[in-house]
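S.K.: What shape does this take:
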Amino acid sequence: MATIEAGDGDETVHGTGTISEQLVEALRFYANAFPELKTEDKIEMSNIAAVSGASVFFGLDLKILALQNADIKEALANETSEIWVDLSRMVTSEIPNFAGLILAYLRWAFVKVEQKVWELGDRPPVGRYTPGAARRAGSRPSGGFGGPRRSGPPSRPGDRDRGPRREGGGSDRDKGPGSRGRDRDGPRDNNRDRDRGGDKSRPRGAPRGENRDRSSASHADQEALAVETVKVAIDKLRSDTALAEVRLDPSNSFFRRLQHKKAVSDGFYSYSTGEGAGRSVVVTRDKPAGEEGE
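M.R.: Numbers count the residues shown, from 1 in each chain. From the prediction side, this is the model:
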């Protein structure tokens, strides 16, 4: 049976019996070594050293056990394992006033948290790609983040909501700041919009020019198209055994990654070739030599 050795130099604590009994003995030792853990019930500047000291030293005891027993190390990395139920019971029983803080430190020190690693070239998790963005958008008021928009300067106590800005009629005061200069300068020059390729019939924010349809395609449609091109390449390889590989159209790193995953999941291989904007995925039936998909 493993024993606990904690402390500094020749000051060690040796436990006997089961692992649970050793851990309880260590907790009792720290409770006696730091009297504040028994006499006080909330964290203060005067007892923060005692709480942190007991947490760190007890964490070292657990680390020693984990180094001696691979099963304990694996169990400590999983917060749902039975050892965490026992630890919670022990710490709450021996040091009840600060059990929550001690257990929080132990979880931080031992529980393995899987983190998403974003590779160079991946789309950052911002905007509608942020985890939970769709859920938050569903609960958001129809007016957006701030509800109905207000015209005029920031509201002051007693001000009423002036509502949307008026396009015509009424006084300058009703129209709010920003509209007076236009009234003084005369009507807006519509030729300016025409010179810049503007279209008064086009809704605000809609794409201009011949690329309107392509620009309006959603990101989800583009992802589906990228995966569909891999399916077409795989069908070609399956139908023509003499065909060694199929090169797809150039795409950015985000869509190339989707194409690599689709090719591998269907039992084929893939690699990237080309430079810059011309870099594309090649789907092959044999594992390429010296090539790795990105």
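
S.K.: what are the ranges of the strands in this structure?
M.R.: Using DSSP state E, the strands assigned to the chain run over residues 245-247, 269-273, 280-284.

S.K.: Show me what the second one is packed against.
M.R.: In terms of contacts (3 or more Cβ pairs under 8 Å, 6 or more residues apart in numbering; DSSP states H and E), strand 269-273 is packed against helix 253-265, strand 280-284. In this view, the C-beta of every residue, glycine as well, is placed from N, C-alpha and C.

S.K.: Please enumerate the helices of the stretch 1-150 of the chain.
M.R.: 19-33, 36-39, 48-68, 70-76, 82-94, 99-110, 133-139 (DSSP state H, counting those that start in this stretch).

S.K.: can you redo the ones you listed as TSV with distance to Val282?
M.R.: Shown next, in TSV, are the helices of the stretch 1-150 of the chain (distance: least, Cβ to Cβ, whole Å):
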stretch	distance to Val282
helix 19-33	55
helix 36-39	64
helix 48-68	46
helix 70-76	41
helix 82-94	48
helix 99-110	44
helix 133-139	34
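
S.K.: which of the strands of the chain sits most buried?
M.R.: strand 280-284 (a mean of 22; mean count of other Cβ atoms under 10 Å).

S.K.: got the CA coordinates for it in PDB?
M.R.: Taking C-alpha atoms only, strand 280-284 is exported to PDB below (Å, rounded to 0.1, in the frame of the first residue of the first chain):
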ATOM      1  CA  SER A 280      -6.000  22.700 -53.500                       C
ATOM      2  CA  VAL A 281      -6.700  19.200 -52.300                       C
ATOM      3  CA  VAL A 282      -5.800  16.100 -54.200                       C
ATOM      4  CA  VAL A 283      -7.900  12.900 -53.400                       C
ATOM      5  CA  THR A 284      -6.000   9.700 -54.100                       C
END
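
S.K.: quick one: contacts of it?
M.R.: For strand 280-284, contacts defined as Cβ atoms under 8 Å, 6 or more residues apart in numbering pick out 230, 233-234, 237, 244-251, 256, 259-260, 263, 268-274, 288, 293.

S.K.: 6 Å - rerun?
M.R.: 233, 245-248, 250, 256, 259, 263, 268-274 (Cβ atoms under 6 Å, 6 or more residues apart in numbering).

S.K.: per-residue confidence for Leu87?
M.R.: On the pLDDT scale, Leu87 is placed at 92.

S.K.: Okay, it and Leu67: tell me how far apart.
M.R.: 17 Å (Cβ to Cβ, to the nearest Å).

S.K.: out of those two, which sits in the busier spot?
M.R.: Leu87 (23 against 11; other Cβ atoms under 10 Å).

S.K.: check contacts around Gly278.
M.R.: By Cβ under 6 Å, 6+ apart, the neighbours of Gly278 are Pro250.

S.K.: again with Phe268
M.R.: If you count contacts by Cβ under 6 Å, 6+ apart, Phe268 has them with Ile234, Val283, Arg285.

S.K.: and the closest residue to the second one other than its chain neighbours, how many neighbours does it have?
M.R.: So the one you mean is Val283. The shortest distance from Val283 to any residue other than its chain neighbours is 4.4 Å, reached at Ala233 (Cβ to Cβ, 6 or more residues apart in numbering). Counted with other Cβ under 10 Å, the neighbours of Ala233 add up to 25.
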